[in-house]
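Visitor: please find the sequence and the predicted model below.
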Amino acid sequence: MTDAAKLIRAHIRDMEAYQPVYPFEVLAQQLGRDPAEIVKLNANENPYGPDPAALAALQDLEYAHIYPDPESRLLRAALAKQLDLPIENLMIGAGADELIDLIMRLFLDPGDVLLNCPPTFGMYAFGAGVNNACLVEVPRKPNFSLDMEGIELAVAQHKPKLLFLASPNNPDGGVLPQEALDRILAMPVAVVVDEAYIQFADPGSSRLQAVFDHQNLIVLQTFSKWAGLAGMRVGYGVFPEELMPYLWKIKQPYNVSVAGAAAALASLENIDALQENVCKLVTERQRLFEMLEEIPYLRPYPSQTNFILCQVISRPATDLKQALERAGILVRYFNKPGLRDHIRISVGTPAQSNALLAALAAME
């Protein structure tokens, strides 16, 4: 009898698994608490949730029994109008994560180099492992800015095909400076700018329009954060025209569900109401940042996202994370280089922030 496990690809055996945040109901069960008692600030979700119109669209689905449009035409047309971009350059994915994987499958043969700049979003390194790519890392500086000289040296030495850059970056919340991006785009590498949190950043921070000036630039965004649709898994990308035929060729045909597409379309039709929620979170981010600065054992970093990274002083960050967890407050801890003395706090409602601040003050 054949043991199927012995047939698994060798690089899959050796790769490190991605560490996701567990679902709300699982966390509540693990903590032995009623979900209503938990303050969940560990996954950068939008606490205000979807627009009521999106929930109504889900309730009124007519064609859940029919396969979705493989080209997501209605949603792409609405996005093209909203973003003032040609529909031909847009692709919808089951979350931006699917598009990240799709890009890697488009470019990377086994052994090809993917350049990464940690600390950053873990899906880039994870995707490199799945695709059996060679991951070359140029760590960020202590203030989380890019090591531009290190990137230039790595490109010259290793000749990577892909470089992923989150802007704003996760977990520190900093936006990629235009000068740095221009310098990188002049290098012989395809550049993917992941703008999952761009709606929380200063106006003019997005690089969507720059795709049309650079054949080596791809920009990704998502409905997960600003539209409160993390559970629906809908993301989108703007790609150079030359790449689109090949992306359509390898994309799973029915990748975006009718539910996700309907919720995203309704969100675009009610974007003003959702923008009010974004404004609430930006306002609360500033208030929370100022209050965190008053906690003597925390050093928060300025952020242009819906989260704030804090360095933990005079005590182990993992101990603080666990103490907050016992109080029913969930924050994110990363056991990774450059982050082991940090926690990341999602921006929630004012009431959630108050509960967090009270717990932190009690631990002084």
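Guide: Noted; the coordinates are in hand. Numbering: from 1, shown residues only.
Visitor: Glu294 in helix, strand or coil?
Guide: coil (DSSP: H, G, I helix; E, B strand; the rest coil).
Visitor: gap between it and Asn44?
Guide: For Glu294, the distance to Asn44 equals 23 Å [CB to CB, to the nearest Å]. Just so you know, the C-beta spots here come from the backbone N, C-alpha and C atoms, and that holds for glycine as well.
Visitor: who has more neighbours, those two?
Guide: Higher neighbour count among Glu294 and Asn44: Asn44, with 22 against 10, using other CB atoms under 10 Å.
Visitor: low-confidence ranges in the stretch 1-150 of the chain?
Guide: Scanning the stretch 1-150 of the chain for pLDDT under 70 picks out the ranges 7, 24.
Visitor: what about the helices in it?
Guide: For the stretch 1-150 of the chain, applying DSSP state H, counting those that start in this stretch gives helices covering 10-14, 24-31, 52-59, 73-83, 95-107, 123-130, 148-158.
Visitor: identify whichever of those helices lies nearest to Gly204.
Guide: helix 73-83 (14.1 Å; CB to CB).
Visitor: which other helices and strands does that closest one contact?
Guide: strand 90-93, strand 235-238, helix 258-269 (3 or more CB pairs under 8 Å, 6 or more residues apart in numbering; DSSP states H and E).
Visitor: what's the second one packed up against?
Guide: Helices and strands touching strand 235-238, by 3+ CB pairs under 8 Å, 6+ apart, are helix 73-83, strand 90-93, helix 95-107, strand 217-222.
Visitor: can you list the ones you listed in CSV and add distance to Ala210 and mean neighbour count?
Guide: Below are the helices and strands packed on strand 235-238 laid out as CSV (distance: least, CB to CB, whole Å; neighbours: other CB atoms under 10 Å):
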stretch, distance to Ala210, mean neighbour count
helix 73-83, 13, 16
strand 90-93, 15, 24
helix 95-107, 17, 21
strand 217-222, 6, 24
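Visitor: picking that back up, quick one: the helices of the stretch 1-150 of the chain as JSON lines, columns for distance to Tyr333 too.
Guide: What follows is these, written out as JSON lines (distance: least, CB to CB, whole Å):
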{"stretch": "helix 10-14", "distance to Tyr333": "25"}
{"stretch": "helix 24-31", "distance to Tyr333": "14"}
{"stretch": "helix 52-59", "distance to Tyr333": "32"}
{"stretch": "helix 73-83", "distance to Tyr333": "35"}
{"stretch": "helix 95-107", "distance to Tyr333": "21"}
{"stretch": "helix 123-130", "distance to Tyr333": "18"}
{"stretch": "helix 148-158", "distance to Tyr333": "27"}
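Visitor: so which of those gets nearest Gln304?
Guide: Across those, closest to Gln304 is helix 95-107 (CB to CB), at 17.7 Å.
Visitor: helices and strands around that closest one, which ones?
Guide: Packing partners of helix 95-107 (3+ CB pairs under 8 Å, 6+ apart): strand 90-93, helix 123-130, strand 162-166, strand 190-194, strand 217-222, strand 235-238, helix 244-250.
Visitor: Glu16: which of these is closest?
Guide: helix 123-130 (6.8 Å).
Visitor: for that closest one, name the packing helices and strands.
Guide: helix 95-107, strand 113-116, strand 134-137.
Visitor: at 6 Å what do you get?
Guide: Packing partners of helix 123-130 (3 or more CB pairs under 6 Å, 6 or more residues apart in numbering; DSSP states H and E): helix 95-107, strand 113-116.
Visitor: among these, which is nearest Asp202?
Guide: Of the helices and strands packed on helix 123-130, nearest to Asp202 by CB to CB is helix 95-107, at 20.9 Å.
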